[in-house]
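J.: next one to model:
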Amino acid sequence: MVFFHCLRDDKCEWRKGLKDFAIQFNEAFGKDYSLSKFLDISEKGSKQQTKQPEVLLEAPGDKPMVIECKKIVYPHDYYKKHRHFHDFYKYFEDSYVRDLKPVLSQDMYEIGINENALYQNKSQKFTSISNQIVTHILQHIDKFHISNQISSLEPIPWCFRRVPENERDHESYKSGLRLSGSAKSLSYQFETLAEAEEEIAKELAKHLSITDIKFKDYANCLKILVIEICGDILSIPAPEVIVEIIENATIPSSVDQIWLADPQDEVESIITYHQIV
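T.: This is a model prediction of the structure:
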């Protein structure tokens with residue numbers, strides 16, 4: 001997959017992934033690195049005044065390791081819109097549980113929403129939009145029981161369906177409700193991929209410059225930059241293009257290695273790391 005599409009609100013990079021990175025690094029190279037210090041947090045728990053890497057790791061017989069983690073988000077407002085998307089789900093789930101769930105069999109259902117249309121509405125309208133969708137489904141519940149799917153363009157484009165068995169690739173998707181955003185057109189995809197590559201390359205250059213500053217006081221350490229790519233599937237270039245962008249970047253001499261995070265499952269709880277440089 002090589003990109004993250006959902007929100008991960010934990011601000012601790014160690015818990016979000018660097019702990020797993022350290023485990024995978026140790027397994028790959030036969031090392032025994034463990035967390036020694038959170039470098040970007042002062043002893044009083046506040047952010048350091050000078051720019052620092054995320055963590056310091058130490059291992060018997062090896063030089064210390066410092067790790068910096070950087071996210072490249074494309075489009076730049078992706079998470080702002082995606083949070084809006086998830087906020088809507090909370091309102092819809094309330095309407096679903098209250099009015100719709102009691103008349104449905106226990107199964108896995110999905111509400112698909114046109115994200116662009118949703119973003120045109122403020123969150124104050126989410127209760128009304130949710131209630132209108134649920135009311136429409138209830139009014140056509142017999143049709144839904146036959147076709148397992150129902151949709152409408154009002155109040156915004158949406159589709160409610162029973163999730164087919166072959167799309168349930170995670171244990172938590174045996175029953176309940178999940179949210180899906182509508183895909184952009186292929187023409188949109190081809191028009192924006194070239195722009196995406198350029199913007200990702202620019203963002204990478206900025207992160208490399210900042211990382212160079214953070215690593216300047218750690219000449220005696222192994223200095224590793226971990227990169228996370230974030231966005232939606234139709235806006236992010238193919239994995240091999242991402243790798244090429246990293247390989248072609250001007251990499252400061254202070255950066256010893258660059259690794260790319262690669263989420264393996266839909267809920268992005270399992271992450272594999274690939275060394276690029």
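J.: which residues touch the residue located most distally from the centre of the chain?
T.: Farthest-out residue of the chain from its mean C-alpha position, per Cα atoms, centre = their mean: Asp142, at 37.2 Å. By Cβ atoms under 8 Å, 6 or more residues apart in numbering, the contact list for Asp142 is empty. For glycine as for every other residue, the C-beta is placed from the backbone atoms N, C-alpha and C.
J.: immediately after whichever strand or helix holds it, which helix or strand?
T.: Taking DSSP states H and E as the definition, Asp142 sits inside helix 141-147. Following helix 141-147 in sequence order, the next helix or strand is strand 149-152 (DSSP H and E).
J.: that following strand: what's the following helix or strand?
T.: Reading on from strand 149-152 to the C-terminus, the next helix or strand found by DSSP H and E is strand 158-162.
J.: output that next one in CSV, but only the C-alpha positions, please.
T.: Provided in CSV are the C-alpha atoms of strand 158-162 (Å, rounded to 0.1, in the frame of the first residue of the first chain):
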residue,chain,number,x,y,z
TRP,A,158,-24.7,8.5,-1.0
CYS,A,159,-25.0,4.7,-1.1
PHE,A,160,-26.0,2.3,1.6
ARG,A,161,-25.3,-1.4,1.1
ARG,A,162,-24.7,-4.8,2.6
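J.: and it, what does it pack against?
T.: Contact here means 3 or more Cβ pairs under 8 Å, 6 or more residues apart in numbering; DSSP states H and E; on that basis strand 158-162 packs against strand 108-113, helix 126-139, strand 149-152.
J.: max-length strand in this protein?
T.: Determined from DSSP state E, the single longest strand within the chain is strand 62-74.
J.: buried set for it?
T.: In terms of neighbour count (16 or more other Cβ atoms under 10 Å), strand 62-74 has its buried residues at Pro64, Met65, Val66, Ile67, Glu68, Cys69, Lys70, Lys71, Ile72, Val73, Tyr74.
J.: tabulate the helices and strands packed on strand 158-162 (a markdown table), appending mean neighbour count.
T.: Compiled in a markdown table, the helices and strands packed on strand 158-162 are given as follows (neighbours: other Cβ atoms under 10 Å):
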| stretch | mean neighbour count |
| --- | --- |
| strand 108-113 | 20 |
| helix 126-139 | 18 |
| strand 149-152 | 15 |
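J.: kindly reformat those as JSON lines containing mean pLDDT and distance to Asp262.
T.: Listed next are those as JSON lines, based on pLDDT from 0 to 100; distance: least, Cβ to Cβ, whole Å:
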{"stretch": "strand 108-113", "mean pLDDT": "93", "distance to Asp262": "25"}
{"stretch": "helix 126-139", "mean pLDDT": "97", "distance to Asp262": "34"}
{"stretch": "strand 149-152", "mean pLDDT": "96", "distance to Asp262": "33"}
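J.: so which of those comes closest to Asn166?
T.: Taking Cβ to Cβ as the criterion, strand 108-113 is the member of the helices and strands packed on strand 158-162 that comes nearest to Asn166, at 11.8 Å.
J.: what's downstream of that closest one, the next helix or strand?
T.: Heading C-terminal from strand 108-113, the first helix or strand you meet, by DSSP H and E, is helix 115-119.
J.: what's that following helix packed up against?
T.: Short answer (3+ Cβ pairs under 8 Å, 6+ apart): helix 115-119 packs on helix 78-95.
J.: quick check: angle from the helix it packs on to strand 62-74?
T.: Comparing the axes of helix 78-95 and strand 62-74 via axes from the mean of the first three to the mean of the last three Cα atoms, to 10 degrees yields an angle of 70 degrees.
J.: the longest strand of the chain - contacts with which helices or strands?
T.: Counting contacts by 3+ Cβ pairs under 8 Å, 6+ apart, strand 62-74 is packed against strand 55-59, helix 186-215, strand 222-231.
J.: please export the C-alpha coordinates of that strand as PDB.
T.: Extracted C-alpha coordinates of strand 62-74, given in PDB (Å, rounded to 0.1, in the frame of the first residue of the first chain):
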ATOM      1  CA  ASP A  62      26.900  -0.600  18.600                       C
ATOM      2  CA  LYS A  63      26.900   3.100  18.100                       C
ATOM      3  CA  PRO A  64      23.700   4.900  19.200                       C
ATOM      4  CA  MET A  65      20.800   5.400  16.800                       C
ATOM      5  CA  VAL A  66      18.600   8.500  16.300                       C
ATOM      6  CA  ILE A  67      15.400   8.400  14.400                       C
ATOM      7  CA  GLU A  68      13.300  11.100  12.800                       C
ATOM      8  CA  CYS A  69       9.900  10.400  11.400                       C
ATOM      9  CA  LYS A  70       8.300  12.700   8.700                       C
ATOM     10  CA  LYS A  71       4.900  12.600   7.100                       C
ATOM     11  CA  ILE A  72       4.200  13.700   3.600                       C
ATOM     12  CA  VAL A  73       0.500  14.400   3.100                       C
ATOM     13  CA  TYR A  74      -1.000  14.900  -0.300                       C
END
